[in-house]
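Student: Pasting the sequence and the predicted model now:
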Amino acid sequence: MANPEDLGRYRLKRLLGRGVLGEVWEASDLEHEGHKVAVKILHAADDELALARLQFAREARLCAQLSHPNLAQVLDAGEAAGTSFMVMEMIEGKPLRQLVGDASVTMHDKLRWLRQIGGALAVLHRADVAHRDLKPENVLIRPDGTACLVDLGIAKWTRFDLGGERDPLEAIEAMEPKEGPDPRYAPPEALESETYDELGDQWAWGTLGYELLTGKAPGPDSKPLAAFDEVSAPVADALDKARSPKREDRFDGIELALDEIGPGSAPAIPAAPPKKAPSSEPPSPSTQPAPAAPLSRRDVPPPSIQPQPHKSPLIMGLGLIVVIGVLVAIIASMR
């Protein structure tokens, strides 16, 4: 059991659970006015410590490189008292497992969560990371109704990491047995050949979606999604394709599956009220426009000055001669 005094600024409060690599504790950050955080602490036997530390460090690197509202964020990591620890945001909420089959959950909320989970997976996949352990237990629903994907304990890079090197754990993964993905949500290829990449996550997402929408996990004798009246055809088709037994029959990327689900997961936009036809009746007193307020001097626009037409010099000269002639005639008549 972890010692609450051994992690410096982080004071451990209560044990939240145990995962693949260690314990997860609720803790207070003493340097930030006791802000509540989650601290994951490595625990492993001495003969497995080197491998476990490498895997733990990899999880911290994975999380630190990713930022998404539907993924738990890593805040800090380090070593203390001879063990490694990782500090994450404290996700308050219910595990999705507790809401599966709950009749009070609307179809709108189920589809919204399904899209949010898919969006979090899409962020992982763009970073060439496969989660490899998607299941209702690893999704938390926050009090505001947002789904958050947690626990990257057995996630792995599927191609190259940001440093240009292959996942270092690949070379030694076979040295020691370790906990793997939940077989209920693992794709057929993971059970047959231990292949588990982004397409495997897509299978797990489709399986989770079937269970979330129907309240029952799919099995060999399960009804097709299209047989459930409350599930729309686009949603049923997208989840069926994501769960195709053959990898090549699935979507090329989970973003395409989300596109197929389409607006069925979003609230309908209310139509604008129809415009009334103009009436020949005079408006009633209640609909008469209010009299306009008197304008102040600053509200009155300045008078505009109209440009005068341009006169040529010839016309102006002739006019001057006419004026002089008139004056001469007046003077002569006065003599």
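Tutor: Cool, got the structure.
Student: Could you report the distance from residue 91 to residue 61?
Tutor: Relative to residue 61, residue 91 is positioned 20 Å away (CB to CB, to the nearest Å). Where you see a C-beta, it was placed from the backbone N, CA and C, and this is true even at glycine.
Student: Residue 38 reaches residue 85, doesn't it?
Tutor: No - Residue 38 lies out of contact with residue 85 (CB atoms under 8 Å); the separation is 10.7 Å.
Student: For those two, indicate the residue with more neighbours.
Tutor: When residue 38 and residue 85 are compared for neighbours, residue 85 comes out ahead with 26 against 20, by other CB atoms under 10 Å.
Student: pretty sure the more buried one is touching residue 43, no?
Tutor: No - in this structure, residue 85 is not within contact of residue 43 by CB under 8 Å, at 10.5 Å.
Student: which parts of the helix or strand containing residue 117 are buried?
Tutor: Per DSSP states H and E, residue 117 falls inside helix 107-126. Across helix 107-126, burial judged by 16 or more other CB atoms under 10 Å covers 109-125.
Student: Contacts made by it with the rest, please.
Tutor: If you take CB atoms under 8 Å, 6 or more residues apart in numbering as the criterion, helix 107-126 is touched by 66, 68, 70-71, 96, 130-131, 134, 139, 141, 145-149, 155, 198, 201-202, 205, 208-209, 212-213, 230-231, 235, 253-255, 257-258, 261, 264-267.
Student: would you list every one of the strands in this structure?
Tutor: Taking DSSP state E to define them, one finds strands in the chain at 10-18, 22-29, 35-42, 74-80, 83-89, 94-95, 129-130, 139-141, 147-149, 156-157.
Student: Between the ones you listed, which one is closest to residue 57.
Tutor: Checking these against residue 57 by CB to CB gives strand 83-89 as the closest, at 7.0 Å.
Student: For residue 232, what are phi and psi?
Tutor: Main-chain torsions, residue 232, degrees, to the nearest 10: phi -70, psi 160.
Student: How are the helices of the stretch 151-300 of the chain distributed by residue range?
Tutor: In the stretch 151-300 of the chain, the segments counted as helices under DSSP state H, counting those that start in this stretch are 188-193, 198-214, 233-242, 254-261.
Student: mean confidence score for the second one?
Tutor: Throughout helix 198-214, pLDDT has a mean value of 96.
Student: Against residue 15, how distant is residue 39?
Tutor: Distance of residue 39 to residue 15, given as CB to CB: 10 Å.
Student: low pLDDT regions in the stretch 201-335 of the chain?
Tutor: Scanning the stretch 201-335 of the chain for pLDDT under 70 picks out 263-335.
Student: give the contact list for the closest residue to residue 26 other than its chain neighbours.
Tutor: Closest residue to residue 26 apart from its sequence neighbours, by CB to CB, 6 or more residues apart in numbering: residue 13 at 4.7 Å. Shown in contact with residue 13 (CB under 8 Å, 6+ apart): 4, 25-28.
Student: By neighbours, which of those residues wins?
Tutor: Sorting the contacts of residue 13 by how many neighbours each has (other CB under 10 Å) puts residue 27 first, at 26 neighbours.
Student: Touching, it and residue 15? I think so.
Tutor: No - Residue 27 lies out of contact with residue 15 (CB under 8 Å); the separation is 10.6 Å.
Student: about what we covered before: of all the contacts of residue 13, which comes closest to residue 193?
Tutor: Looking across those and measuring by CB to CB, the closest to residue 193 is residue 25, at 37.1 Å.
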